[in-house]
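Colleague: Take a look and give me a structure for this.
(chains A and B)
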There are 2 protein chains.
Amino acid sequence: MSSASEGLFAAKPSPVVMADAIRVLSMEAVHRAKSGHQGMPMGMADVATVLFTKFLKYDPKAPDWADRDRFILSAGHGSMILYSLLHLTGYKSVSMEDIKNFRQWGSSTPGHPEYGHTAGVECTTGPLGQGLATSVGMAMAERHLNARFPELVDHRTWVIAGDGCLMEGVSHEAISLAGRLKLNKLIVLWDDNNVTIDGVATIAETGDQLARFKAAGWAVKAVDGHDHGKIAAAMRWATQQSKPVLIACKTLISKGAGPKEADPHSHGYTLFDSDIELARQAMGWTAESWTVPAPVKKAWEAAGRKAAKPRKAWEAKLKAHPNGADFTRAMKGELPADAFTALDAHIEKQLELKAGDATRSASGAALAQLVPSIDDMVGGSADLTGSNNTFVKGMTAFDTPNYDGRYVHYGVREFGMSAAMNGMALHGGVIPYSGTFFVFSDYSRPAIRLGALMNIRTINVLTHDSIGVGEDGPTHQPVEHLASFRAMPNLLTFRPADIVEAAESWKAALLSETTPSIMVLSRQKVPAVRTTGGNLTAKGAYEIRPASGEAKVSIFSSGTEVSVAVAAAEALEADGIPTRVVSTPCWALFDRQDAAYQASVIGTAPVRVAVEAAVQMGWEKFIGLDGIFVGMSSFGASAPQDVLYKQFGITKDAIVEKVKAKLA
Amino acid sequence: MSSASEGLFAAKPSPVVMADAIRVLSMEAVHRAKSGHQGMPMGMADVATVLFTKFLKYDPKAPDWADRDRFILSAGHGSMILYSLLHLTGYKSVSMEDIKNFRQWGSSTPGHPEYGHTAGVECTTGPLGQGLATSVGMAMAERHLNARFPELVDHRTWVIAGDGCLMEGVSHEAISLAGRLKLNKLIVLWDDNNVTIDGVATIAETGDQLARFKAAGWAVKAVDGHDHGKIAAAMRWATQQSKPVLIACKTLISKGAGPKEADPHSHGYTLFDSDIELARQAMGWTAESWTVPAPVKKAWEAAGRKAAKPRKAWEAKLKAHPNGADFTRAMKGELPADAFTALDAHIEKQLELKAGDATRSASGAALAQLVPSIDDMVGGSADLTGSNNTFVKGMTAFDTPNYDGRYVHYGVREFGMSAAMNGMALHGGVIPYSGTFFVFSDYSRPAIRLGALMNIRTINVLTHDSIGVGEDGPTHQPVEHLASFRAMPNLLTFRPADIVEAAESWKAALLSETTPSIMVLSRQKVPAVRTTGGNLTAKGAYEIRPASGEAKVSIFSSGTEVSVAVAAAEALEADGIPTRVVSTPCWALFDRQDAAYQASVIGTAPVRVAVEAAVQMGWEKFIGLDGIFVGMSSFGASAPQDVLYKQFGITKDAIVEKVKAKLA
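Modeller: Below is the predicted model:
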């Protein structure tokens, strides 16, 4: 804390006074909002001050500068530390009015930092552990682009993480992946205050974090998180390592909060009026609320200007760079001009060939066209490369020291993989895709959600999408996953029916710059069902087989069951029952169509049937209250897939029988 | 490997020959099924042989013996090692016919081990990492029951885990929790073969696992996984530790598979006929396929008989034990006779009081009745005790050395917590419940799914269930989670509307012995809406407010929005529009009702409305294709909750307006 004698209004405020500015803004904003967390912001104010005044490369005037350091507040509940920093250093995005309106409707200062909502916020954080895991992807993207554009990309990724972040399982996936890849531009500042919500952290955690990170291949150091000189020395050391770095910053929670300093119960909003007053006295902070003494603000803004010159120099370098335009295009998230030339030709050819295939192979065939056409694509798999069909011939591994490789061996780390993909997409310049089994999307779901919330483009290839998995049995057979992802806002859930739909799905996913996609793909082979071009998957649902006359039956289906539906339609037609089939590869895209198109697709046939090797949830939107559903109502079983389809009654005959019973 | 001279048909077969029996059964069953994994079973056959012949306490004649050691195959894809062991040691559940029918419909030998399907399988495994995390819960239940019934419970939990298990994030949560709690009866045998599906494990993982486990508070040792003497010495040492134990068993994948031994590509089904032949030659295995030489079978069965005497002695102890009957009841999963006396009285009282409350508090009030009445209940929270209302006055912490405590500080480990709860439920004698925020159910979802698949009873308290979370913003506001869990088979998703429904939900959850439940509860206060008793929540959905005449409008709702629906109904009635309200606290229970009841609840009102502060997915089953939905279609936002309800249009007025527009 500053003593009064150090001078709050001195011309050159001390670093401690600068840190106190964070403390006061944080505690008073939380106090006013009557919710939020002052504990971490006050505890880590000194560390953040050293970082933002001496080490972090950033320019508040150019929040999108491609070569800025990335700063991720993994302990997102401490959002006021970030808002304070953005305000103090001169980001336009956070005014004092915003600080006053912390956690209120329409402010730029929501309860947890939100990417895209507030310039300077690099990542939406709050779900613990994920900021750390996302930062690994940012550091990967940085190394990759550094390998491709060494003159344009060379920066660090700094993370503040709390005890909670390090307890979450995803932290293990993140740190072991970062250690394996030797991501030495990644530096994690752990707020080592031994406090979590339920009390002292040791009630639930007694592990040795330094030893743990070291075991994962990190360089580690502990430091007094309130000693500015020692913090600076540790950060300097960190920038010289050949491995990712953990600095354990030993801090007191709510440092400076008078009687509440170091109180485990001061994690969240718990400071009374009197505590605020005593805290101000202890800090010698006499400035009015919602003001920052001019010299303090000036000192912070000076820190915020330090990288202005390098940034301008960098812009000149970019201008002169032979591939500068391509770099800028990639960083904007735009696709190269000829992105789909090969894919479109592939689709034309497949419409002629009418070949059957597993849709995972169909996805692999699409990737074989796209990966050579779009240099920005970086693929990978959570240890299921051969099964996910995510590898394209000619790709090399992304690895130390060959960071120019475009294929990541993520290991058995589904959640860490999806979080890393978010980080790559946030960093920009890279379009990440990767694979695992659909059933293990349960593991990566929190990261897929965060990507949807952040409006970023990642593509999750999820193969082995139903009981069609066969012998591996119910642990490996998704039945509820389609419904669970279709329910998620701002996510495109694709389940293509054949080679053509698979290729169209990839096109739609790549064109969705602000929406992540999942590609739900089969293990088993299916026949071709599409007969015409027209990029119909982009409409989400469409009539794939018209009825011979006025339809008595509409069958709605997706993926591998579309061919079953078509077979059933043919059988019904043979018996004189006009039947149409609608393929529904992407419900979210269908929802975006106009009402007239939607009504035409749903149609007016008196009998409506939905066929999907998954649970019914949601299909009522196509078949209504009195429709027929042919699908699953339980978990699956272990047996060859054709046996399972028969045993669970998802067959042409079952559809025909049920329709006839309904018509009778 | 045994040489021919060691004698496959010798009267007293060597331990290596016994291990070879596992190898041959495993490779031939996989070969016959043309799918599955022989790599791990062959690699770990020696370790398993030492464990099952010298250390594991089990009796094939009494698979449910309460004080048996638990053996969990976390690397579930290697199921043939377990089926081989069960067959060889004399479990009736796995015949040679079942081994031949590995992975076929109706056999007891599905692709991955399934709890409840095959006696001797303690846990369904396959999703990597979860077996390990579940075993932590088993070890916790053991210590807890040991504290309560020291004469009846004292056994170990043994786990085989692979590289993949240790890469998954949940392994971190599991081992740090086990280390914190000093669960010294837990012993993990790591199949340290440096192989995963994509190749050598080091392409994705170079961490030092021994150092990692040590940092988490484990005792660790490495051993040659093919040296029976050293394995035995390590296991003996393991049984003497005061901490959980990791033994790294250095093995060759597919040990004994002739030319495929140690081949990274021999993880799964890759052995040709010729490989099988060469493997048999290398092992000197001349016995016909699907037979085990009599002396070998006899030696294995002798091993399986070693605990028969102790088991019988234990049964005598149980019979003589003053609390033996209560112990047996608890192990069967039955509730005490007076389990609900206090709760029922509480419900009666609340029906009179008609008080409003947050439903999380209502849940806490129910727990305050139940926890003292049901000694088997063991609660906890993932570091959100105060917010989840899971703690009941008088509970003490489950901790070393006070394992009799009934409240677990799980730490910020949602997935590990839910997996541990599965382990407790599998162990038996304990009814686990615990809490986190609903939005973080995304983290624990894989364990909730596995619990549903295993037909076990766990109760997940999930508070802060909608935009009602308020200022914490969209990262903390579930919108798609209700739909995603309602889609999951064999799961009860409760979203009670008030104090009475919350209490009834707890009753229904506790009575559901073969189904896990989630309790979806509000942060914010709501008024009482229930006016009559009758345990109506058990029906899943019911008319909570009748219309004044023939209903023109049916409003369906759940949880905190039921009171909004009732207010809207009252406003519509005031305008002369007869309106009924249906509360839907548990869709899965409603699905179990007969068709007549379901039809009566859905009713025949021409206008159907659903109101829920969540996405629409699934509500069409109540409102059909032309119903009105009042709810969310996007992620939430950060602001006080009343502001959010207004901004997102989930209000009485919005409902009334939409209904009138429809009627106009």
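Colleague: my guess is residue A:153 meets residue A:185, correct?
Modeller: No - with contact defined as Cβ atoms under 8 Å, residue A:153 does not reach residue A:185; the gap is 10.2 Å. (Glycine included, C-beta is placed from N, CA and C.)
Colleague: Overlap of the contact sets of the two?
Modeller: residue A:142 (Cβ atoms under 8 Å, 6 or more residues apart in numbering or on different chains).
Colleague: ok, which stretches of the stretch 201-350 of chain A are helices?
Modeller: According to DSSP state H, counting those that start in this stretch, the stretch 201-350 of chain A carries its helices in the segments A:209-215, A:228-238, A:273-283, A:294-305, A:308-320, A:324-332, A:341-353.
Colleague: what ranges do the strands span in the stretch 551-664 of chain A?
Modeller: A:553-557, A:579-583, A:607-612, A:628-631 (DSSP state E, counting those that start in this stretch).
Colleague: hmm, I was thinking of the stretch 1-150 of chain A
Modeller: A:70-73.
Colleague: So which of the helices of the stretch 201-350 of chain A has the densest surroundings on average?
Modeller: helix A:209-215 (a mean of 22; mean count of other Cβ atoms under 10 Å in any protein chain shown).
Colleague: tally of neighbours for the closest residue to chain B within the stretch 301-450 of chain A?
Modeller: Residue nearest to chain B within the stretch 301-450 of chain A (Cβ to the nearest Cβ): residue A:411, separated by 3.1 Å. Using other Cβ atoms under 10 Å in any protein chain shown, residue A:411 is surrounded by 26 other residues.
Colleague: Make sure it is indeed in a helix.
Modeller: No - applying DSSP: H, G, I helix; E, B strand; the rest coil, one finds residue A:411 to be coil, outside a helix.
Colleague: Counting neighbours, what do you get for the residue lying closest to residue A:131 once chain neighbours are set aside?
Modeller: Closest residue to residue A:131 apart from its sequence neighbours, by Cβ to Cβ, 6 or more residues apart in numbering or on different chains: residue A:74 at 2.8 Å. Other residues within reach of residue A:74, judged by other Cβ under 10 Å, total 31.
Colleague: thinking residue A:74 is in contact with residue A:126, fair?
Modeller: No - with contact defined as Cβ under 8 Å, residue A:74 does not reach residue A:126; the gap is 9.5 Å.
Colleague: can you tell me which residues contact residue A:348?
Modeller: residue A:533.
Colleague: Over to the residue nearest to residue A:536 when sequence neighbours are not counted: give its phi and psi.
Modeller: Closest residue to residue A:536 apart from its sequence neighbours, by Cβ to Cβ, 6+ apart: residue A:542 at 4.4 Å. Phi and psi for residue A:542, reported as degrees, to the nearest 10, are phi -160, psi 160.
Colleague: Quick check: bridge partners of residue A:542?
Modeller: residue A:583 (DSSP bridges).
Colleague: and the gap between it and chain B?
Modeller: 18 Å (Cβ to the nearest Cβ, to the nearest Å).
Colleague: same question, residue A:209
Modeller: 8 Å.
Colleague: so how many other residues sit close to the closest residue in space to that residue that isn't next to it in sequence?
Modeller: Spatial nearest neighbour of residue A:209, chain neighbours left out: residue A:166 (5.9 Å); criterion: Cβ to Cβ, 6+ apart. Using other Cβ under 10 Å, residue A:166 is surrounded by 30 other residues.
Colleague: Now do the helix or strand hosting residue A:166: everything it contacts.
Modeller: Under the criterion of DSSP states H and E, residue A:166 resides in helix A:163-167. Outside helix A:163-167, the residues that touch it by Cβ under 8 Å, 6+ apart are A:74-75, A:128-129, A:131-132, A:171, A:190-196, A:201, A:204-205, A:209, B:173, B:176, B:383, B:411-413.
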